[in-house]
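Colleague: Next input, structure requested:
(chains A, B and C)
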Amino acid sequence: MTPTSPKGLGPLLIQNRKPILERWLHLILETYPVDTAPLLKKEKDPFLNPVRSTIAREIEILFEELLHDMNGERLSTSLSSILKIRSVQDFPPSEAAGIALLLKKAVQEILETDPQKETDYEEWARFHVKVDALALRAFDIYMECREKICEIKVNKALAEKEMAFKMLERVGFRKEKSHRGKDSDG
Amino acid sequence: MANKNSLYSIVAVVFLLLILLVGVQGLGWYLLFGVLIPYVAVVFFIVGFVYQVLRWASSPVPFHIPTVCGQQKSLPWIKADKMDSPQTTGGVVARLALDILFFRPLLKNDRIELQEPQKLLFKTSTYLWLGALAFHWSCLIILLRHSRFFLEPVPSVVLWLQWFDGIFQGLLPILYATDLIILLALSYLFIRRVVYPQIRYISLPSDYFVPLLILGIVVSGILMRLVYRVDLMQVKAWVMSMLSFHPTLPKGVNLLFYIHLFFVCLLIAYFPLSKLMHMPGIFLSPTRNLRNVSRSERHINPWDRPVKVHTYQEYEDEFREAMKEVGLPLEKD
Amino acid sequence: MTEEALKGNALKIDHTTPDRGWMDPAVEFRKGTYCYPASVKHMNYLGLPNPREWQPYDQDWKLPKNWKSILLEGMKDRLKRYRSYKLFLDICVRCGACADKCHFFIGSGDPKNMPVLRTELLRSIYRRYFTLSGKIFGKLTGARELTEDVVKEWFYYFYQCTECRRCSVFCPYGIDTCEMTMMARELLSLIGCNINWIVEPASNCFRTGNHLGVPPHAFKSTVDFAIDEIKEITGIEISVPINRKGAEILFISPSADYFGNPHWYTFLGYLMLFHEIGLDYTWSTYASEGGNFGLFHSADLAKRLNAKIYSEAKRLGVKWILGGECGHMWRVLHQYMDTLNGPADFLMEPVSPVTGTHFENAKSTKMVHICEFTADLIQNKKLRLDPSRNKKWKVTYHDSCNTSRGMGFFEEPRYILKQVCQEFYEMPENTIRERTFCCGSGAGLGADENMEMRLRGGLPRANAVRYVQQQYGVNLLTCICAIDKASFPPLLEYWAPGVEVAGIHELVGNALVMKGEKERIADLRGEPFEQKEENGHV
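Modeller: Model prediction:
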């Protein structure tokens, strides 16, 4: 979408892809309690530590898309995988959805030490706009997840109501016989 | 707070060391440290150990709760797991033996790594297992080696063990392999507690205290062999005198010997009060020492007591009309 | 106001929690992560102590005046009665092997969900009041005072353990957090801190015979409804005996089977199977519940509810008992029932009337699992099965915690599955069998208000399901646990949309070729079979 000059930020980001991603992952995992973050970072088994493996896998895709054409669908899918997890954990919304903004910090920290870095204001601004867009999208998706949880809760409540009705119905045709009023707790 | 826990323990161990230095070097209380404290410690150990085990044993196992880790015995054509779902005492013994001698549960930590294209690769995380195994086995061998001080004549097994343990002495004179291993293992287990935050989080001061104490014992022991040697025949004479209840003071020994002895006394006196009691405890663990036969043999709960139940009569009394209406059979019309 | 908001830093992304030890109790009861306390009505019905109205987020929990002595007396009493309790409090060396084994820890990252720490919440009090070293050395040996905050912490974290026993598999001493949770819950119950999702079903069960509170006439009409549905599907009119004296076998299943969804299809499966083999059996309305929420509350309540099974078997004069698909029900039946309410010397050693197989493994309790029974039927070729009727399903199997680590029940259900469906795929090895991950809603935590906690706890399991879904196109998770069947649909809707949930006997019911049945056009869910779509639409 945005053509990058050969010496500019784009190539630097590609060149430093690995350390940036590592740093980003590190920063995200640091949002977990201080006593558990190291464990979450260490355990690489995707089945024993789905939190780390999901985040590690998906931020790679996010980063790729940020560098290239910001494919809305891929971004959404990736964000959704991460935010599904974070929206049920003990985070306030800002922190749960704020993972995109941590990328800014990661990039800054990594490129700070890069001797080739150039301060091309315009490119930085463009990059920031992209990350901001990602952050906003993340918030949308966070809300989708929360709504999904509500929907599940509502559906469960409805199913329970239906079950109660079913129960009433099944004792209902002899309602006139039950004087004890005991069916109310069905 | 969690970070301070290791510090507390270091301070405690240093403090204890100072007590000894002052006591032996400064005040010359040889009788206290060479005779009285060892006797007291041994009494503490034996009484405490027996008391603790009896205390556990005095509580019954009301329910049959083995943790089953293998296929149950059901239909004859389904192969049952004789050890992880033990049906016989032999199976339980085998299971416990492997758990105790080889720490098998720690080996269940399979790790999976995803490999392209989507192939699962199994790895076993073995550090804790290896560290624990190395530590406990060298402990055992070192203890057995020490039995030569207590037994006259020294059994050939012990001599053989000693020879075997010293097989690398060609490379490093007079250093037993187990001494080296226990040092490494202990350091690993200690450092693990300090370095891994999640382990540090769950660790108490006493969790650092015990390995430090053992470290003190090991280091003083090694130094006595390598640098400041003591007269082993005299040590044995002292042990024998203690055992025959005609105590004498040890001769031909130095301060290191007293440090070694004092720390050993502390350790065994503390043993019954501490988590070190996991040693006898595992034998009593109801999730490990029971057979998975609770449907074919009845387990009795000694304190079983009557409870208030809702009888069929009460039930029918409440619902009789409705049951009659839909034609359900009744006891009483 | 605005200033405050600015100070509060709307997007605080450098969050780190202060480095504080676990010994300072502090719990925040956030909506979605705890269960509602038990209602006074149901506590009274069961005669439980100290009923009152309160909420976990209240500052004042209205604990009885002498709550502290009640708890300490309760601990003392239980230390005397349970070796597991005493021993497991004493021998933990805090090696950390269990630290990352709990599904709630994996899903939440909350350090107090590490099994060792969960138990340490109890252990610290034990040390302070019951051990010499704790009394002398205090905090240095991990002892702490019993305060109201500790009680709150207990309530939060011991109702955040599903008693799945996964940690016990990895512990070098077999320390079982389930035992600790059971003790803590009993203690909490003494001071009137229960959750409603356990006490209400237990009270229902005490009165009506089942957790859902289905009265006998509703049970009957439910069964009639099932008979109609089976007739519609197979064209066969079956009969279902209820409370019939003199039957050979008493059949008991969790009440969700005949009132819940997707349990219902498993229920149809049972009825079809029993009809097909001409089983001489009966249901009971008095003992219309196999599950036992008493187990999640206290040993006494477990016994009170469980007593109905043997007493009803005796009243009806059956020879032995067959049990349906359920997880914790089978923990009780396998490991507790004979002890609690045995000996069942009025029953006979179970023998399959169809194959003559003696179920020697159940010769004392006299109670056989339906999967053992069905696997035996299939192995003896007594059933005609058409697995192609399940061909739309790519199936995986979830080992329920209780049948796995409580019984060692691994091969029976897998054998049946492989006979009744065409495609079966296992989830990764370290997430099944004795190392299976809990659904996150067991042990009475399946309340709707607890949904976020359940989603966290279910993440490790759902993540493995998601893997086989992406890898093999698995679209059906089978299980033999009523709580699983209730908790997985919302869980998978969130984590792995597109995977449905079914019991094993639903698939058996689908595949079962019954004598005299009409050509089936739809499965038990009423969904038309693929190949007949064009002529089979109703």
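
Colleague: need the helices for the chain, in chain order.
Modeller: You didn't say which chain, so I picked chain A. In order along the chain, chain A carries the following helices (DSSP state H): A:9-15, A:17-29, A:37-42, A:50-67, A:72-86, A:93-97, A:99-112, A:121-172.

Colleague: meant chain B actually
Modeller: Per DSSP H, chain B has helices spanning B:4-20, B:30-31, B:37-58, B:89-102, B:127-146, B:156-165, B:177-195, B:197-202, B:205-226, B:232-243, B:255-270, B:278-284, B:312-325. These are given in chain order.

Colleague: Low-confidence bits of chain A, can you list those?
Modeller: Counting by pLDDT under 70, chain A contains low-confidence residues at A:1-7, A:114-119, A:172-186.

Colleague: what does it put close to chain B?
Modeller: Those residues of chain A that sit near chain B, judged by Cβ under 8 Å from any Cβ of the partner chain, are A:34-39, A:43-48, A:53, A:171, A:174, A:177-178. From N, CA and C alone the C-beta is placed, and that goes for glycine too.

Colleague: so where's chain C uncertain?
Modeller: Regions of chain C meeting the criterion pLDDT under 70 cover residues C:1-21, C:531-538.

Colleague: Walk me through the domains of it.
Modeller: Using automatic domain parsing, the domain parsing of chain C gives C:22-194, C:201-511.

Colleague: Pipe the helices of chain B into JSON lines and attach mean neighbour count, mean pLDDT and distance to C:Leu417 per row.
Modeller: Putting the helices of chain B into JSON lines (neighbours: other Cβ atoms under 10 Å in any protein chain shown; pLDDT from 0 to 100; distance: least, Cβ to Cβ, whole Å) gives the following:
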{"stretch": "helix B:4-20", "mean neighbour count": "16", "mean pLDDT": "88", "distance to C:Leu417": "50"}
{"stretch": "helix B:30-31", "mean neighbour count": "12", "mean pLDDT": "86", "distance to C:Leu417": "75"}
{"stretch": "helix B:37-58", "mean neighbour count": "15", "mean pLDDT": "95", "distance to C:Leu417": "43"}
{"stretch": "helix B:89-102", "mean neighbour count": "16", "mean pLDDT": "93", "distance to C:Leu417": "28"}
{"stretch": "helix B:127-146", "mean neighbour count": "17", "mean pLDDT": "90", "distance to C:Leu417": "34"}
{"stretch": "helix B:156-165", "mean neighbour count": "14", "mean pLDDT": "83", "distance to C:Leu417": "53"}
{"stretch": "helix B:177-195", "mean neighbour count": "18", "mean pLDDT": "89", "distance to C:Leu417": "42"}
{"stretch": "helix B:197-202", "mean neighbour count": "24", "mean pLDDT": "80", "distance to C:Leu417": "38"}
{"stretch": "helix B:205-226", "mean neighbour count": "20", "mean pLDDT": "91", "distance to C:Leu417": "46"}
{"stretch": "helix B:232-243", "mean neighbour count": "16", "mean pLDDT": "90", "distance to C:Leu417": "66"}
{"stretch": "helix B:255-270", "mean neighbour count": "20", "mean pLDDT": "94", "distance to C:Leu417": "54"}
{"stretch": "helix B:278-284", "mean neighbour count": "17", "mean pLDDT": "93", "distance to C:Leu417": "37"}
{"stretch": "helix B:312-325", "mean neighbour count": "17", "mean pLDDT": "94", "distance to C:Leu417": "37"}
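
Colleague: Could you point out which of those helices sits nearest A:Arg146?
Modeller: Using Cβ to Cβ as the measure, helix B:197-202 is the one of these that comes nearest A:Arg146, at 29.3 Å.

Colleague: Residue of chain A nearest chain B, please.
Modeller: A:Asp35 (4.1 Å; Cβ to the nearest Cβ).

Colleague: what's that residue sitting at in phi/psi?
Modeller: The phi and psi torsions at A:Asp35 (degrees, to the nearest 10) take the values phi -80, psi -20.

Colleague: what do you get for C:Pro37?
Modeller: C:Pro37 adopts backbone torsions of phi -70, psi 160, taken as degrees, to the nearest 10.

Colleague: Turn the helices of chain B into TSV, including distance to C:Lys101.
Modeller: Conversion of those to TSV gives the following (distance: least, Cβ to Cβ, whole Å):
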stretch	distance to C:Lys101
helix B:4-20	23
helix B:30-31	51
helix B:37-58	25
helix B:89-102	16
helix B:127-146	13
helix B:156-165	36
helix B:177-195	17
helix B:197-202	12
helix B:205-226	19
helix B:232-243	45
helix B:255-270	30
helix B:278-284	18
helix B:312-325	42
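
Colleague: for those helices, which one sits closest to chain A?
Modeller: It's helix B:197-202; of these, that one is closest to chain A (Cβ to the nearest Cβ) at 4.1 Å.

Colleague: Format the helices of chain A as JSON lines; extra columns: mean neighbour count.
Modeller: Supplementary listing: these in JSON lines, determined by neighbours: other Cβ atoms under 10 Å in any protein chain shown:
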{"stretch": "helix A:9-15", "mean neighbour count": "17"}
{"stretch": "helix A:17-29", "mean neighbour count": "18"}
{"stretch": "helix A:37-42", "mean neighbour count": "20"}
{"stretch": "helix A:50-67", "mean neighbour count": "20"}
{"stretch": "helix A:72-86", "mean neighbour count": "20"}
{"stretch": "helix A:93-97", "mean neighbour count": "19"}
{"stretch": "helix A:99-112", "mean neighbour count": "20"}
{"stretch": "helix A:121-172", "mean neighbour count": "16"}
